[in-house]
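**Student:** please work out how this folds:
(one chain, ligands or ions: 2)
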Amino acid sequence: MSQAFDYDLVIIGAGVGGHGAALHAVKCGLKTAIVEAGDMGGTCVNRGCIPSKALLAASGRVREMRDAQHLRAMGIQVAGVTFERNEIANHAKNLVDKLQADLTNSLKRLGVETIRGWGKLAGSQKLTVATAEGERTLTARDIILAPGSIPFVPPGIETDGKTVFTSDEAIRLDWLPDWIAIIGSGYIGLEFSDVYTALGTEVTMIEALDRLMPTFDPDIAKQAERVLIQPRDIETRVGVIAKSVTPGSPVVIELADPKTKETVDVLEVDACLVATGRLPATRNLGLETVAVEADRRGFLPVNDQMAVLLEGEPVPHLWAIGDATGKMMLAHAASAQGVVAVDNICQHHRSVSYSSIPAAAFTHPEVSFVGLTEPAAQELAASQGFKVGTVRSYFKANSKALAEAESEGLAKLIYREDTGEVLGAHIIGLHAADLIQEAANAIAQKQSVEQLAQFVHTHPTLSEVLDEAYKRAVVHH
Ligand SMILES: Cc1cc2nc3c(=O)[nH]c(=O)nc-3n(C[C@H](O)[C@H](O)[C@H](O)COP(=O)(O)OP(=O)(O)OC[C@H]3O[C@@H](n4cnc5c(N)ncnc54)[C@H](O)[C@@H]3O)c2cc1C
Ligand SMILES: NC(=O)c1ccc[n+]([C@@H]2O[C@H](COP(=O)([O-])OP(=O)(O)OC[C@H]3O[C@@H](n4cnc5c(N)ncnc54)[C@H](O)[C@@H]3O)[C@@H](O)[C@H]2O)c1
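**Tutor:** Numbering: from 1, shown residues only. Ligands and ions are numbered 1, 2, ... in the order given. Sure, this is the predicted structure:
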């Protein structure tokens, strides 16, 4: 421990990113404190990953048990499936309480000091915390900023938290409207449309860009639309923006052309979920005391070692991780960044490699990917002078998926034709979120389709969908 500072490391923000960094800092022998103004565990534990997955798990069961045709195919009949909305909401809340307590205790057990209050930089290696007992000034050899993000509500949209709300409120499942408009077809829009339709709510999905799920690989987005949207009670409005949303009963939504801003339609619905992305929580962080400026959208500029940048150069002893860096707004990315920041603080020099960090939407069935989409791979290939290979394999040819009577879905593998190196993998189908890990590890280790095709996969398992894709790639290679 250094003598000149109160702490070796102070982390602002006890979300998944800050927590991951704190645990690693202890392993590294750093005297560490973490500063949190809101709920311990941040977005993921309290308003994000964890409660949304609990809602998806419960509502997914309802969907499955109400799917008479699917059950009949396996010789099962279930009559009169009912559910209690508030009990489903409680399942999510109880899980949040448990994980929040586990996270808080893990910090205590490891000797990380938790300081409750708003943290702000106060110059180099110095910060203040506005605690309930007054302002504290702390010095630290290194500081990690992990303030996370908050929902983005576009101008013209008014929220009241009851009829027009963001995921912060949707996660509580306070009520089930008959008809809800969901603005945005990204992760939150998709996952909540899965929850709502399973529980009997009609959905209108509004997407500003000219196709649904614009960040997914185009083939996967097409298949996702076929499986997750078309057969369900979901109407889609693509290529229009919600110009204004007025809360009330009904909620009034003015839809407009994104270019001309002219109104093209007016919807009257019972509720509206605004799922149009998230903004970095980087205001009032004291950045000016170290002359650092957030970018135009408020994200903290960082390099791959997670050092904060000032005019392109690392600011000594100042690091930033998680959603506030805008690299990949995912919980596991935030904690991976935290571990890399701490490693660099401890002189174990490392960088984050984003190309092997997977992502998933936990719909039924799930959608997952890692690495490049096909258009992005083609762009890279054109600039570097190699050819891109792609292959698909299908769940309907997989024995385990057939046994489960859930054989919709496909895996798409993208690789370099010259070296066989995997550049991207995209899966939609049963347990896609778990299946993607194998491809993520393959990308991290720069493995080729030839090497991967030699690994033996358990039979019969869903993992054979990727096995089949590797083997097809070798034939085509
Ligand atoms: C509905 C929803 C579902 C999601 N599902 C998934 C999922 O399934 N998988 C996944 O990987 N990701 C998911 N995410 C994204 C995930 O929640 C975030 O990527 C993750 O929480 C980012 O972690 P973080 O540590 O950067 O920030 P946060 O979790 O936002 O934590 C930041 C913390 O810092 C605190 N803070 C901010 N400023 C200060 C300050 N000045 N002083 C003191 N404290 C401060 C905040 O109160 C907050 O607690 C989901 C998000 C949402 C909204
Ligand atoms: N399973 C997961 O990992 C998971 C789940 C939920 C959230 N998250 C994270 O949370 C973040 C936020 O999720 P999100 O779904 O809000 O954002 P997103 O960026 O994934 O999707 C937002 C969508 O809204 C559209 N949009 C924006 N403004 C619009 C407007 N005015 N009218 C109509 N459409 C508009 C965008 O084109 C985009 O398709 C994501 O970046 C994601 O990383 C992850």
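
**Student:** make it CA atoms for all contacts and neighbour counts henceforth
**Tutor:** Fine.

**Student:** Gln347: neighbouring residues, count only.
**Tutor:** For Gln347, the count of nearby residues is 9 (other CA atoms under 10 Å).

**Student:** give me phi/psi at it?
**Tutor:** The phi/psi pair for Gln347 (degrees, to the nearest 10) reads phi 70, psi 20.

**Student:** retrieve the pLDDT associated with Met1.
**Tutor:** Reported pLDDT at Met1 in the predicted model: 50.

**Student:** let me fix that, I meant to ask about Val475.
**Tutor:** Looking at Val475, its pLDDT stands at 85.

**Student:** got a list of contacts for the strand or helix carrying it?
**Tutor:** Using DSSP states H and E, Val475 sits in helix 464-476. Helix 464-476 is contacted by residues 389-395, 398, 410-413, 435, 449-450, 452-453, 457-458 when judged by CA atoms under 8 Å, 6 or more residues apart in numbering.

**Student:** cool, stretch 249-267 as well?
**Tutor:** For stretch 249-267, the external contacting residues (CA under 8 Å, 6+ apart) are 163-164, 208, 239-246, 268-272.

**Student:** kindly recompute the last result at 6 Å.
**Tutor:** Stretch 249-267 is contacted from outside by 240-246, 268-271, using CA atoms under 6 Å, 6 or more residues apart in numbering.

**Student:** what about Ile88, which SS state?
**Tutor:** When classified by DSSP: H, G, I helix; E, B strand; the rest coil, Ile88 comes out as helix.

**Student:** next one: it from Phe362, what distance?
**Tutor:** 17 Å (CA to CA, to the nearest Å).

**Student:** now swap in Gly326 and tell me
**Tutor:** Relative to Phe362, and taking CA to CA, Gly326 is found at 21 Å.

**Student:** those two: which is more packed in?
**Tutor:** Shown here are Gly326 and Phe362; by other CA under 10 Å, Phe362 has more neighbours (24 against 21).

**Student:** what residues does this protein put near ligand 2?
**Tutor:** Within reach of ligand 2 by CA under 6 Å from any ligand atom, the chain has these residues: 154, 183-189, 206-209, 213-214, 241-242, 275-278, 329-330, 359-362.

**Student:** buried subset of these as a ChimeraX selection?
**Tutor:** Applying 16 or more other CA atoms under 10 Å to those, the buried members can be selected in ChimeraX as follows:
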select :154,183,184,185,186,187,188,189,206,207,208,209,213,241,242,275,276,277,278,329,330,359,360,361,362
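
**Student:** what domains does the record give for this structure?
**Tutor:** 7-47+91-150+279-352, 153-276, 356-476 (automatic domain parsing).

**Student:** for the nearest residue to Asp210 once chain neighbours are set aside, grab phi and psi.
**Tutor:** Leaving aside its chain neighbours, Asp210 sits nearest to Gly239 (4.5 Å; criterion: CA to CA, 6 or more residues apart in numbering). Backbone torsions for Gly239, taken as degrees, to the nearest 10, come to phi 80, psi 20.
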